[in-house]
Each structure stands twice: as C-alpha cells, then as structure tokens.
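Visitor: Next input, structure requested:
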Amino acid sequence: MALDNETRNRILTTIDGMREDIVRFCSDLVKIPSITPTYMGVDVDEVLGGETRVSEFVAPVLEHLGFQNDLWEEAPKRANLVGKLEGAGGGKSLILSGHVDVVPTPNPEKWTDPPFSGAVKDDRIWGRGSSDMKGGIAAMVKAVESIRKCGVKLKGDLLVECTVGEETGDGATVGAAATVDRGYRADAAIIPEPTDAIWCCSGGLLWLSLGVTGKTGHGFVRYEMIRAGGQGTAVGVNAIEKAFKVCAALRDLEEEWGFNKNHRLLPAGHSTLGPNVIRGGPGAIETPFIIPDICTVEYCIWYPPHLDVEAIKKEVEERVQWVAAGDEWLKDNPPELDWKFHWTRYAIPEDHPIISTVSNAHQAVTGTVAGAIACPAVVDAAFMTHKQVPSICYGTGGLGLFSIHGVDEFVVIDDLIRATKVLALAVLDWCEVEA
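Guide: Just a heads-up that it's a prediction; the model follows:
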C-alpha cells in the first residue's frame, strides 16, 4: 500500500510533538563515553565497554517498541545490538544501522563544555559523538518510535542496529559486517551518518607507513655530509632529510592525482596522499646533536571508488622506487613500505530504489532535493555493501558535519528533527504500510 498523505502528515506531526524527547535521548547518548578502544593512543582499559553501554541503553527502548533484540559480543566488552521488528509480509526489508563508537577527545580543556556533557544550548546538542553519530542513532530510533506511536504496521521486516568500531575500521570484522555474518540481512540499509545528502559510494582509504633509514654520526659532521668535497655518506646520513626527499616525490604524485584520479561524485582533487604523522631521530634519543638514522612517515591515502587498490599501491611503490634509484644512499638502502590498513571502496547503482526512496522522503520533509553523491570519507556502508546488503548514508548533516572529530562537536537540533522525519517516511515507503 502506498503511503497516503494522511499517514505521512500524522507521522510528521507526531515527530514534532516528540521534539523534546528526541533532544533528550540524543543528549543522553552523548553522555555515555564510547571511545573506540582500538583507536591509536587510547587507554584501552579506560575506554573498553563504552560501546556496550550505548547498546545497552538503546536495547530497552527497542524492546518497548516491540523489537526482538540480539545483544552479543564479537570482541570482549564490545557488544553489537540488533533489534528486529517482523513485518506482516509482502514488503521489502530494511536495516537502519549506526555505529556507537566515537573518536577520542584530545585536549579536553579546549572544549567549551566537557566533551561528554551532552549540553543543550543555542539550538544545538554539544559533545563528542553528537554529530558522528549519536544524532543519527537518536534519529533512527525515534523515527521508528513515531511509527509505532501512530499504530502503523509495516509489511517488510525492519532491523535497527547499533554496531561497534566504525572509527578504526573494526566494522569490517567485529562491527557492522559481523551483523550480516550473524544472519541479519535486508534488501537495503540506511546508515544515518551526518550527511543531508545521500552517500551512495565512497573511495578507499589506505594507511601506508614509510620507513627510511640513515646513518648516525656526531652533529658537527653535517658540513662533511652536505658540502662539496666532503666525505658525504661515509660520515653520516640524515634519515629525516632522505624521507623528505621521498615525501616530495609523493607530493608531486599527489598533484598528478588531482588531474587523473577524479570521480564525478567526489569533490575535484579528492584523491590525496597525506603525510600526517612523522617520527624521526637517532633511534629513540630525541636530541639534535646526533645525526638521525630513523624516520617514519605515516600516510593517509584516499583513492576514488572506480579504481583498484592494487593499482593504487603499485603506483605509489613505483614512485618511491623511482626517487630512490636516483639517490646515492636510497638506491642501496631503499625505503620500506608497510601497507598497514585498507578501508575498501564501495558503490551502489545510482538508480537503486533505496536512493529514490530517501530522496523522495527528504523532498517531502524539506521541499528540496537531496542529491546522490560520494562520501568524502569512509563508512560502514562499504562493509555491508560488500556483503550484499546495498547501503547508503543519510542523517543529520548540516553544519554539524563540519564539527565532527574536532573540538566542540555539535548537532543542530533542527537537523536532528529533519533526519528523524526523513528516516520515518523512508521506512514507511520502503517497507510499505499494511492496509
């Protein structure tokens, strides 16, 4: 049965009446610290269990709405939650899935309010995870609650999921992908990440660790290393400078990628090679008085959805080999490349009906068109899509998107309410309403 105007308006009016409750629920979620325990540099013992506490907070809400819950751990103290509401039959099934983990909060003293305050002021909800993506979780749960409040019954099955580990790619093993492996499948999935466009694809992400070695010596011998007629590499080799030489070559490659690695759904020049962490020195001794013999550069490499990861890696490796071959030291002491992590790309067809379903719902709520574009980052949708559950992202978006991972993260309350409405209408349209 097609969604009639009377039902649509009843749902939207109900959500307007739930505004304070939705804000409170989102704020309460933010107040539960749930930092990804596998995030680099965190105290695992201190943060482990936070993800589970979020799922345990959501579980009774879903149970009250009639969902059959499954709360389990794929990794110790890291519980996923799947709630299933069986439909009457004859409709398509849908998953609403959100990750409960958030990134750490370095420099908490720089925040206006404590990072996990969940403060509500200035028409916003503040705190780590408010936008990424406790707001999305609140929107999907309250969207379902509005449907139940109105007594509307669905034809298709509806699954609501809270999963762990998205921020470090654990979704590929113990998070979102694990829910599919456990048997929770559907005709499509919506992940309410902080976007008010529809993310139907994303590029891939690689973590490359580039290691360069040098040769120690007393700091005073530098003139012998760099001046014409000096002893050169016989007395010392500065590993940091050699790494900079390789970095410069990769920066040139990055410029080339700005022209030849574009994708029409991504911003121009999105494919990049970022040298985002650098460590170097004479071993572990942090002194400038010894020539450094070790340098490591950690790269964040983004590539577009239509390209193969092995081809990308080969291109990077060949550029490093090329610059090393032209250097007296590096040709005999080549840089070491360690591909530490790969977050796979994904894409679903732009004419997939889940895209038009969400687009129509967005237009019904806002009067504007939500375009299908590529996610500029990476999301759990990749892992679910690769397991044959076509997935898109749509959620709170707005200004809050640009606050994620930073100081004073926030979600705009109007965006939270809008997302709740759109998700509710999308569920009704996709799963269909029983007559």
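
Visitor: Doesn't residue 427 lie inside a helix?
Guide: Yes. Using DSSP: H, G, I helix; E, B strand; the rest coil, the assignment for residue 427 is a helix.

Visitor: does it really touch residue 147, like I thought?
Guide: Yes. At 6.4 Å, residue 427 and residue 147 qualify as touching, with contact defined as CB atoms under 8 Å. (C-beta placed from N, C-alpha, C; glycine too.)

Visitor: Which residues are in contact with each of these two?
Guide: residue 154 (CB atoms under 8 Å, 6 or more residues apart in numbering).

Visitor: Might you report the residue contacts of residue 298?
Guide: Applying CB under 8 Å, 6+ apart, we find residue 298 in contact with 207-210, 275-278.

Visitor: What strand or helix carries it?
Guide: In this assignment (DSSP states H and E), residue 298 forms part of strand 294-303.

Visitor: same check, this time on residue 278
Guide: strand 273-281.

Visitor: Sheet-wise, list the partners of that strand with their directions.
Guide: Note on strand 273-281: by DSSP bridges, its sheet partners are strand 294-303 (antiparallel).

Visitor: now the strand it pairs with: how far from the chain's centre is it?
Guide: Chain-centre distance of strand 294-303: 19 Å, with CA atoms, centre = their mean, to the nearest Å.

Visitor: The stretch 101-250 of the chain: strands as residue ranges?
Guide: For the stretch 101-250 of the chain, the strands defined by DSSP state E, counting those that start in this stretch cover 120-121, 124-126, 158-163, 188-191, 198-202, 204-213.

Visitor: for the ones you listed, which one sits closest to residue 11?
Guide: strand 158-163 (14.3 Å; CB to CB).

Visitor: picking that back up, okay if I get the strands of the stretch 101-250 of the chain as TSV plus distance to residue 385, mean pLDDT and mean neighbour count?
Guide: Below are the strands of the stretch 101-250 of the chain laid out as TSV (distance: least, CB to CB, whole Å; pLDDT from 0 to 100; neighbours: other CB atoms under 10 Å):
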stretch	distance to residue 385	mean pLDDT	mean neighbour count
strand 120-121	35	98	14
strand 124-126	30	98	26
strand 158-163	15	98	27
strand 188-191	8	98	27
strand 198-202	9	98	25
strand 204-213	13	98	20
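
Visitor: need the contact list for the closest residue to residue 249 other than its chain neighbours.
Guide: Leaving aside its sequence neighbours, residue 249 sits nearest to residue 323 (CB to CB, 6 or more residues apart in numbering; 4.0 Å). Listed by CB under 8 Å, 6+ apart, the contact set of residue 323 reads 245-246, 248-249, 330.

Visitor: Quick check: which element contains residue 323?
Guide: helix 309-325.

Visitor: what is the mean pLDDT for that helix?
Guide: For helix 309-325, the mean per-residue pLDDT is 98.

Visitor: buried ones in the next helix or strand after that helix?
Guide: Toward the C-terminus, helix 309-325 is succeeded by strand 336-343 as the next helix or strand (DSSP H and E). Across strand 336-343, burial judged by 16 or more other CB atoms under 10 Å covers 337, 342-343.

Visitor: can you list the domain ranges for this protein.
Guide: What automatic domain parsing lists as the domains of the chain is 5-202+345-431, 204-341.

Visitor: And the shortest one, end to end?
Guide: One end of domain 204-341 sits 11 Å from the other (CA to CA, to the nearest Å).

Visitor: Burial check on residue 13, number of neighbours?
Guide: Other residues near residue 13 come to 12 when the count uses other CB atoms under 10 Å.

Visitor: Tell me which of the domains of the chain is the most buried.
Guide: domain 5-202+345-431 (a mean of 21; mean count of other CB atoms under 10 Å).

Visitor: quick one: terminal-to-terminal distance for it?
Guide: With CA to CA, one end of domain 5-202+345-431 sits 17 Å from the other.

Visitor: ok so, going back, farthest-separated two in the contacts of residue 323?
Guide: Across those (CB to CB), the longest gap, 12.5 Å, separates 248 and 330.

Visitor: before we move on, the earlier item: how much space between the residue nearest to residue 249 and residue 251?
Guide: 11 Å (CB to CB, to the nearest Å).

Visitor: Quick one: residues contacting the nearest residue to residue 230 once chain neighbours are set aside.
Guide: Residue nearest to residue 230 in three dimensions, not counting chain neighbours: residue 224, with 4.0 Å by CB to CB, 6+ apart. By CB under 8 Å, 6+ apart, the contact list for residue 224 reads 230-232, 235-236.

Visitor: Same question for residue 425.
Guide: Contacts of residue 425 (CB under 8 Å, 6+ apart): 3, 8, 11-12, 360-361, 364-365.

Visitor: can you redo those residues as CSV with pLDDT and distance to residue 176?
Guide: Output for the contacts of residue 425, formatted as CSV (pLDDT from 0 to 100; distance: CB to CB, whole Å):
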residue, pLDDT, distance to residue 176
3, 77, 28
8, 94, 30
11, 97, 27
12, 97, 29
360, 97, 25
361, 97, 22
364, 97, 28
365, 98, 26
